[in-house]
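A.B. asks: Provided below are the primary sequence and the corresponding predicted coordinates.
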Amino acid sequence: FRGGPFDESAIRSVRRRGVQLAKYLLSLRTQLRNGYKVGGEKSEQQSAAELYRLPDLSGQHPEFLIDASMLPQFIRPTLHRPRPRRNYQAPLLIVTESMHVDDLRARASLSLADLIYDERFDGASFASVADGAEIAAYLQLVLQSSLCRYVHLLLDEQFGVEREVVHKGTIESVPVVPWSSLSDAQKKASRDLSLELRDGLTTKRVEKVNLFAFDVFGLSNVERDAIRDTLATVPPTAEEKKNALRVTTGEERRKFAATFQDAMHGVLAASSVTVTVRVRDDLTFGDWRILQVDRYRGHQPE
């Protein structure tokens with residue numbers, strides 16, 4: 001009920017090219033693991049000596065690159081579930097248990113220094129992974145892209161129905177193209193974009209991240225347009241609901257007419273028939289606008 005044939009094509013392309021994030025992480029011998037749990041007054045406690053004086057992310061709202069030197073140090077003697085020390089070894093890719101979908105907010109964070117985090121976060125350590133820092137930074141870009149939000153919207157059974165955030169199971173199901181499958185040019189683009197991301201996101205950088213993800217998955221122009229259109233009108237936020245119902249602008253109508261005309265040319269390429277499509281702003285029906293389609297055989301209108 002959220003997508004059409006073009007969306008189906010886009011999802012199939014993404015699934016065909018990528019593997020689920022959880023499976024890819026396991027192939028690298030790592031995975032997203034939940035952070036430590038403090039527990040209540042009556043819960044059994046274990047020694048947290050291994051974590052003593054480590055930078056603690058708990059209670060923070062991390063940006064794209066976490067500066068561990070600015071975090072408070074962990075000083076509790078015990079925890080209900082401290083988790084193994086190796087879980088907290090850098091480089092770390094960290095996501096919140098309830099990932100927000102705002103394109104300008106950090107959906108995933110990167111730490112190049114050891115730190116610990118509580119149960120609000122899930123993290124994957126790339127300490128034992130060859131090129132671990134680069135792969136973690138690349139996965140951060142994928143999770144930050146609108147393509148990731150698109151997959152959540154179309155494939156998650158709860159996002160947009162019961163909630164406006166996504167959780168670990170959904171995050172782990174996002175398809176990713178393995179780092180080893182990327183071209184040298186794509187790897188360089190990933191490194192460059194990752195450095196840009198550390199300065200925060202702007203609308204222009206969001207588009208660069210999106211184009212990078214589209215290129216990595218080899219999506220067609222039609223599939224890219226379908227993703228943009230769906231994300232502009234289908235998500236459950238108030239802004240997008242309002243956008244879906246507003247009157248179209250003149251520029252949007254002209255773009256639609258041009259796209260329609262190009263599509264018709266493709267359909268009719270094998271015949272001698274051509275069409276022109278134009279917006280008839282002089283003909284209105286309430287908020288509706290009219291498109292006129294003229295068909296030609298040779299140079300003669302039909």
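C.D. replies: Noted; the coordinates are in hand. Numbering: from 1, shown residues only.

A.B. asks: low-confidence regions, this structure specifically.
C.D. replies: The model of the chain has pLDDT under 70 over residues 1-2, 99-101, 157-165, 235-238, 240, 298-302.

A.B. asks: mind listing the strands for it?
C.D. replies: Assigned by DSSP state E, the strands in the chain fall at 19-20, 33-34, 46-47, 78-79, 92-96, 109-111, 121-125, 175-176, 273-285, 288-297, 300-301.

A.B. asks: list of residues touching the fourth one?
C.D. replies: Applying C-beta atoms under 8 Å, 6 or more residues apart in numbering, the contact partners of strand 78-79 are 36-39, 45-48, 51. All C-beta atoms are positioned from the backbone trio N, CA, C, and that covers glycine.

A.B. asks: quick one: which of the strands of the chain is nearest His61?
C.D. replies: His61 lies closest, by C-beta to C-beta, to one member of the strands of the chain: strand 92-96, at 8.6 Å.

A.B. asks: in whichever helix in the chain runs longest, which residues are buried?
C.D. replies: Across the chain, the longest stretch assigned as helix under DSSP state H is helix 250-267. In terms of neighbour count (16 or more other C-beta atoms under 10 Å), helix 250-267 has its buried residues at 253, 257, 261, 264.

A.B. asks: same check on stretch 105-114?
C.D. replies: 106-111, 114.

A.B. asks: centre-most residue in the protein?
C.D. replies: Nearest to the mean C-alpha position of the chain, counting by C-alpha atoms, centre = their mean, stands Cys148 at 2.7 Å.

A.B. asks: what's the neighbour count on the residue nearest to that one when sequence neighbours are not counted?
C.D. replies: Of all residues not flanking Cys148 in the chain, Val174 sits nearest, at 5.5 Å (C-beta to C-beta, 6 or more residues apart in numbering). Residues lying near Val174 (other C-beta atoms under 10 Å) number 25.

A.B. asks: which residues touch Val174?
C.D. replies: Val174 is in contact with 20-21, 142-143, 148, 151-152, counting by C-beta under 8 Å, 6+ apart.

A.B. asks: equivalent analysis for Val19, please.
C.D. replies: When contacts are counted by C-beta under 8 Å, 6+ apart, Val19 touches 27, 175-176, 178.

A.B. asks: highest neighbour count among these?
C.D. replies: Counting neighbours by other C-beta under 10 Å, Val176 leads the contacts of Val19 with 25 neighbours.

A.B. asks: if I look at that one, how far off is Gln261?
C.D. replies: For Val176, the distance to Gln261 equals 36 Å [C-beta to C-beta, to the nearest Å].

A.B. asks: and Asp56, by the same measure?
C.D. replies: Taking C-beta to C-beta as the measure, Asp56 falls 59 Å from Gln261.

A.B. asks: before we move on, back to that, also compute the angle for the longest helix of the chain relative to strand 273-285, please.
C.D. replies: Angle of helix 250-267 versus strand 273-285, following axes from the mean of the first three to the mean of the last three C-alpha atoms, to 10 degrees, is 150 degrees.

A.B. asks: I'm done for today, thanks for sticking with me.
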